[in-house]
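> let me see the structure of the following:
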Amino acid sequence: MTLAVSATAAWQSERNRLLGIAYRMLGDFGHAEDVVSEVAMDAVRQERRSSVDSWPAWLTTVCVRRSVDRVRQLAAIREDYTGPWLPEPVDTARLPEETLANRELLSLTLLHLAEQLAPEARAALVLHRAFGMSAPEIGEILDKTPAAVRQMISRSERRLDIDPDAPAPRAKDRAALEKLVLAIENGEIDTVVAMLDRDAVLWADGGGKVKSAMNPLFGAARIARFFVGILEKAAALQPVTADLIDVNGGPALVLRHSGRADVLVLDGGPDGSIHGLRQISNPDKLTRVGL
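Numbering: from 1, shown residues only. Next up is the predicted model:
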C-alpha cells in the first residue's frame with residue numbers, strides 16, 4: 001500500500017464523521033463538504049512529508065481547525081446577507097449515520113443559535129456534546145488547556161440554554177406540527193394564531209431571492225399579521241398546502257404557496273404553543289430537501 005493510498009483510505013473511513021463535525025460548525029452542508037475535501041488533500045500532503053501516528057486524531061484536528069477558519073471567513077460574508085441568515089436544512093435520510101451521530105447540535109434551531117458563539121467555543125461544544133470528546137482531547141485540537149476548554153463548554157451551554165446533564169435530544173413531538181398542517185390547509189387562521197406564544201419570534205430567510213421578512217418578528221401579534229397576509233393572498237390564487245418532512249433529525253413543515261416552497265421549523269413548549277419559528281425560503285438553501 002502506498003503512502004498516498006494509506007492517507008486516502010484513512011480519510012474515506014473518517015469522512016462521514018468529519019462531515020458531521022464541519023456541518024455542525026458551519027450550518028452549511030456545501031461548505032462542510034468543501035472543508036472535508038480540503039482535509040483529504042492535507043492528509044495526502046502530510047503523509048508525503050512524515051508518518052502519522054493516529055489518522056483519526058490527525059484528521060479530526062485538521063477538520064476542526066479548517067472549520068474554525070471557515071467560520072471566521074463566512075462571518076464577514078454573512079454580515080452582508082440580505083435579511084436573517086438561517087442554516088441550510090438537509091433531509092435526514094441524506095445524512096450519513098456518522099453525521100447524524102446522536103443528533104446532538106444538529107437541529108436547525110441549535111445550528112442557528114450557535115452562530116452567536118466564537119468559532120473555538122463552537123468547536124469545543126460540538127466536539128464535547130455531539131462526539132463525546134473530553135476536555136484534554138479538545139484542548140489538544142484547539143491548543144487550549146483542559147480548564148479553558150471546560151470553561152468554554154460551560155459558557156456555551158449556558159448561552160444556548162443547554163442542560164449539560166441532559167441526554168441527547170429525542171425526536172420532537174409531531175403533534176404541534178400536525179395540528180398546524182391541518183389548520184393551514186383548512187384555512188383556519190385563528191387556530192394558527194392561537195398556537196403562537198405571546199412572546200414568539202419568527203426568523204425568515206429569503207436571502208433576497210424571494211419575498212420575506214427582512215428582520216426578526218417579535219410577538220404573536222406581528223407574526224400573526226405576517227402569516228395572515230401571506231396565507232390570505234396566496235389562497236386567493238391557489239390552495240395553500242402543508243406537509244411534514246424530516247430534516248436534520250427532526251420534523252419540519254413544508255409550506256407551498258404562491259409558486260414557492262418554504263421549510264418551517266418550530267420550537268414548541270410543553271403546552272404545545274409555538275415559541276420560535278424559523279422559515280427558510282431561500283431556494284439556494286433548499287436543494288438538499290426533497291420538496
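
> where does this protein dip in pLDDT?
Within the chain, the set of residues satisfying pLDDT under 70 comprises 1-5, 98-103, 164-173, 234-237.

> Ala43 touches Val62, doesn't it?
Yes - applying C-beta atoms under 8 Å, one finds Ala43 in contact with Val62, separated by 7.5 Å. Glycine gets a C-beta too; all of them are placed from N, C-alpha and C.

> these two: who's more crowded?
Shown here are Ala43 and Val62; by other C-beta atoms under 10 Å, Ala43 has more neighbours (23 against 20).

> now that one. Nearest residue, chain neighbours left out?
Leaving aside its chain neighbours, Ala43 sits nearest to Ala7 (4.2 Å; criterion: C-beta to C-beta, 6 or more residues apart in numbering).

> got the contact list for the one you found?
Ala40, Ala43, Val44, Gln46, Glu47, Val52, Trp55 (C-beta atoms under 8 Å, 6 or more residues apart in numbering).

> can you do 7 Å?
Ala7 makes contacts with Ala43, Val44, Glu47, as judged by C-beta atoms under 7 Å, 6 or more residues apart in numbering.

> same deal with Glu88?
By C-beta under 7 Å, 6+ apart, the contact list for Glu88 reads Gly27, Asp28, Phe29, Lys285, Arg288.

> phi, psi of the second one?
If I follow you right, that is Asp28. phi -140, psi 120 (degrees, to the nearest 10).

> secondary structure class for the spatially closest residue to it that is not a sequence neighbour?
In space, and not counting its chain neighbours, Asp28 is closest to Glu88: 5.1 Å by C-beta to C-beta, 6+ apart. Secondary structure for Glu88, judged by DSSP: H, G, I helix; E, B strand; the rest coil, is coil.

> which phi and psi does Glu88 have?
Backbone dihedrals for Glu88, given as degrees, to the nearest 10, come out at phi -90, psi 120.

> Pro87 now?
Residue torsions, per degrees, to the nearest 10, at Pro87 are phi -60, psi 160.

> from what I can see it touches Leu110, true?
No - using C-beta atoms under 7 Å, Pro87 makes no contact with Leu110, being 9.2 Å away.

> may I have the helix or strand where Ala7 lies exported as PDB, CA atoms only?
Element membership for Ala7, per DSSP states H and E: helix 3-26. The C-alpha coordinates for helix 3-26 follow below in PDB (Å, rounded to 0.1, in the frame of the first residue of the first chain):
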ATOM      1  CA  LEU A   3       1.600   6.300   1.400                       C
ATOM      2  CA  ALA A   4      -1.000   8.300  -0.700                       C
ATOM      3  CA  VAL A   5      -3.400   5.400  -0.700                       C
ATOM      4  CA  SER A   6      -3.000   5.000   3.100                       C
ATOM      5  CA  ALA A   7      -3.900   8.600   3.600                       C
ATOM      6  CA  THR A   8      -6.800   8.400   1.300                       C
ATOM      7  CA  ALA A   9      -8.100   5.200   2.900                       C
ATOM      8  CA  ALA A  10      -8.000   6.800   6.300                       C
ATOM      9  CA  TRP A  11      -9.900   9.800   5.100                       C
ATOM     10  CA  GLN A  12     -12.500   7.700   3.400                       C
ATOM     11  CA  SER A  13     -13.000   5.800   6.600                       C
ATOM     12  CA  GLU A  14     -13.500   9.000   8.600                       C
ATOM     13  CA  ARG A  15     -15.200  11.200   6.000                       C
ATOM     14  CA  ASN A  16     -18.800  11.000   7.300                       C
ATOM     15  CA  ARG A  17     -17.700  11.700  10.900                       C
ATOM     16  CA  LEU A  18     -15.700  14.700   9.700                       C
ATOM     17  CA  LEU A  19     -18.700  15.900   7.700                       C
ATOM     18  CA  GLY A  20     -20.800  15.800  10.900                       C
ATOM     19  CA  ILE A  21     -18.200  18.000  12.600                       C
ATOM     20  CA  ALA A  22     -17.900  20.500   9.800                       C
ATOM     21  CA  TYR A  23     -21.700  20.800   9.200                       C
ATOM     22  CA  ARG A  24     -22.400  21.500  12.900                       C
ATOM     23  CA  MET A  25     -19.600  24.100  12.800                       C
ATOM     24  CA  LEU A  26     -20.800  25.800   9.600                       C
END
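
> just the C-alphas of whichever helix or strand comes after it, formatted as CSV.
Sequence-wise, the next helix or strand downstream of helix 3-26 (DSSP H and E) is helix 29-49. Provided in CSV are the C-alpha atoms of helix 29-49 (Å, rounded to 0.1, in the frame of the first residue of the first chain):
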residue,chain,number,x,y,z
PHE,A,29,-23.6,21.4,4.0
GLY,A,30,-21.8,22.6,0.9
HIS,A,31,-19.2,24.5,2.8
ALA,A,32,-18.8,21.4,5.1
GLU,A,33,-18.2,19.2,2.1
ASP,A,34,-15.6,21.7,0.9
VAL,A,35,-13.8,21.6,4.2
VAL,A,36,-13.7,17.8,4.3
SER,A,37,-12.4,17.7,0.8
GLU,A,38,-9.6,20.1,1.8
VAL,A,39,-8.8,17.8,4.7
ALA,A,40,-8.3,14.9,2.2
MET,A,41,-5.7,16.9,0.3
ASP,A,42,-4.0,18.0,3.5
ALA,A,43,-3.8,14.3,4.5
VAL,A,44,-2.1,13.2,1.3
ARG,A,45,0.4,16.1,1.6
GLN,A,46,1.1,15.3,5.2
GLU,A,47,1.9,11.6,4.6
ARG,A,48,4.3,12.6,1.9
ARG,A,49,6.2,14.6,4.5
